[in-house]
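*Asks:* Fold the stuff below for me.
(4 chains)
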2 protein chains.
Amino acid sequence: MDISARADYAVRALLVLAEDPTADRAHPSDELARRAGVPAKFLEAILGDLRRAGFVSSRRGSSGGYLLARPPAEITLGEVLRTVDGPLAEVRGQRPHETHYEGSAEHLATVWVAARAALRRVLDETTLEQVLEGRLPEHVRAMAELPDAWESR
Amino acid sequence: MDISARADYAVRALLVLAEDPTADRAHPSDELARRAGVPAKFLEAILGDLRRAGFVSSRRGSSGGYLLARPPAEITLGEVLRTVDGPLAEVRGQRPHETHYEGSAEHLATVWVAARAALRRVLDETTLEQVLEGRLPEHVRAMAELPDAWESR
DNA sequence: ATGAAACCTAGCGGACAAGTAGGGAATATA
DNA sequence: TATATTCCCTACTTGTCCGCTAGGTTTCAT
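*Replies:* Next comes the predicted model:
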């Protein structure tokens, strides 16, 4: 799992937007960049992706900027990561369920699919709102509280 | 989760080795390449990594080749992937537990750590032997049998 | 009209992935 | 002892992506 800078920045910018309860004021990209602590010009490009994917809408001109296009409770991290980074899981450039092995590696595909499913259970079931409020789903919190979850390996 | 070709090949070669019950006959790299269906010269380099990491031992000269250095029941996929591909999970090049966020993104690190823990539970608890025999751990099998696990998203 | 903002295209430097090529060193076997 | 075999090492190629910057054009509120 390689979360790119793009993806990390995208999530953080969306969180800043989600923070604002008044859904009518647009936030310029450089304000978001400053508040999220990410490179301004780079974020501009990322916001373009997020707009095309329907996560945010934009207004041009003065007093323009970006706004969340969907409620934060309905945007999952998984969705955001996919639009910015592509598929959550790949094996040699293929989707896990499209891999095919014979002989001794026959059951390998099952493991890859299981790994992806495990990822999905975390990322597709956690919303911006939950991250914002620190109220993560029970099974996600459980994962993070596993004995060595915060240890290096 | 991006399983590289290197990592995929490494696992497949190890599985071919694990297939052989007689632990005394060495298998030349080009035999492994043929039987695993991977580029020969490339595999040679990968086997070098696996040797340095202690997964296989090697013998030079005629009737030389590679042998498993540890029992297949004690080699997990996670270990193999780490030696070949580096850390299982990274966020902007950092380890998940080393990320630090403030403000609205404060709880993001917890999600990244949870995602990594979920991955670990699949990859660090599945051994070569289990893959070889199709006897995956119960919770891994359960993941792969989740409703849409084999569907694209 | 003017300034603020989104939007678009282009490019750049570095890293990495997936190999390939070729040769040197060790070693079992004839 | 000769020889074929195999590991082992270094280097190189080719392409792609990542992170980021630059500079201009269009749209729009005031």
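
*Asks:* quick one, strands of chain A?
*Replies:* Secondary structure of chain A (DSSP state E): strands located at A:2-3, A:56-59, A:65-68, A:90-91.

*Asks:* Please report the number of neighbouring residues for residue A:29.
*Replies:* By the other C-beta atoms under 10 Å in any protein chain shown criterion, the neighbourhood of residue A:29 contains 20 residues. All C-beta spots, glycine's among them, are computed from the backbone N, C-alpha and C.

*Asks:* any idea how far DNA strand D is from the residue lying farthest from the centre of chain A?
*Replies:* Of all residues in chain A, residue A:103 has its C-alpha farthest from the mean position, at 36.7 Å, by C-alpha atoms, centre = their mean. Using C-beta to the nearest atom of the strand, to the nearest Å, residue A:103 is found at 19 Å from DNA strand D.

*Asks:* Contacts only, for residue A:132.
*Replies:* A:15, A:18-19, A:72, B:104, B:107 (C-beta atoms under 8 Å, 6 or more residues apart in numbering or on different chains).

*Asks:* thought residue A:23 was touching residue A:70?
*Replies:* No. Taking C-beta atoms under 8 Å as the definition, residue A:23 is not a contact partner of residue A:70, at 10.5 Å.

*Asks:* what about the two, which has more around it?
*Replies:* Using other C-beta under 10 Å as the criterion, residue A:23 and residue A:70 rank with residue A:70 on top: 15 against 12.

*Asks:* give me the number of residues near the nearest residue to the more buried one once chain neighbours are set aside?
*Replies:* Counting by C-beta to C-beta, 6 or more residues apart in numbering or on different chains, residue A:55 is the residue found nearest to residue A:70 once chain neighbours are left out, at 6.5 Å. For residue A:55, the number of neighbouring residues by other C-beta under 10 Å comes to 23.

*Asks:* try residue A:91
*Replies:* 23.

*Asks:* With mean pLDDT as new columns, can the strands of chain A be given to me in JSON lines?
*Replies:* Shown next, in JSON lines, are these (pLDDT from 0 to 100):
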{"stretch": "strand A:2-3", "mean pLDDT": "98"}
{"stretch": "strand A:56-59", "mean pLDDT": "97"}
{"stretch": "strand A:65-68", "mean pLDDT": "97"}
{"stretch": "strand A:90-91", "mean pLDDT": "98"}
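
*Asks:* and these as TSV, adding distance to chain B?
*Replies:* Shown next, in TSV, are those (distance: least, C-beta to the nearest C-beta, whole Å):
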stretch	distance to chain B
strand A:2-3	4
strand A:56-59	15
strand A:65-68	12
strand A:90-91	4
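
*Asks:* Tell me which residue of chain A lies closest to DNA strand D.
*Replies:* Taking C-beta to the nearest atom of the strand, DNA strand D has its nearest neighbour within chain A at residue A:61, 2.7 Å off.

*Asks:* For that residue, list the residues it contacts.
*Replies:* Taking C-beta under 8 Å, 6+ apart, we find residue A:61 in contact with no residue.

*Asks:* How much space separates it from residue A:26?
*Replies:* From residue A:61 across to residue A:26, the span is 10 Å (C-beta to C-beta, to the nearest Å).

*Asks:* Over to residue A:39?
*Replies:* 21 Å.

*Asks:* Neighbour count: the two, which is higher?
*Replies:* Shown here are residue A:39 and residue A:26; by other C-beta under 10 Å, residue A:26 has more neighbours (19 against 12).

*Asks:* I'd guessed that one sits against residue A:59; true?
*Replies:* Yes. The pair residue A:26 / residue A:59 is scored as a contact, 4.8 Å apart, by C-beta under 8 Å.

*Asks:* Can you pull the residues that touch both of the two?
*Replies:* A:65-67.

*Asks:* who wins for most neighbours among those?
*Replies:* When neighbours are counted as other C-beta under 10 Å, the busiest of these turns out to be residue A:66, with 25 neighbours.

*Asks:* neighbours around the nearest residue to that one once chain neighbours are set aside, how many?
*Replies:* Once flanking residues are discounted, residue A:66 sits nearest to residue A:56: 4.7 Å by C-beta to C-beta, 6+ apart. Residue neighbour count, defined by other C-beta under 10 Å, stands at 25 for residue A:56.

*Asks:* picking that back up, which residues touch the residue nearest to residue A:70?
*Replies:* For residue A:55, the contacting residues are A:14, A:68-70, A:75, A:79-80, A:83, by C-beta under 8 Å, 6+ apart.
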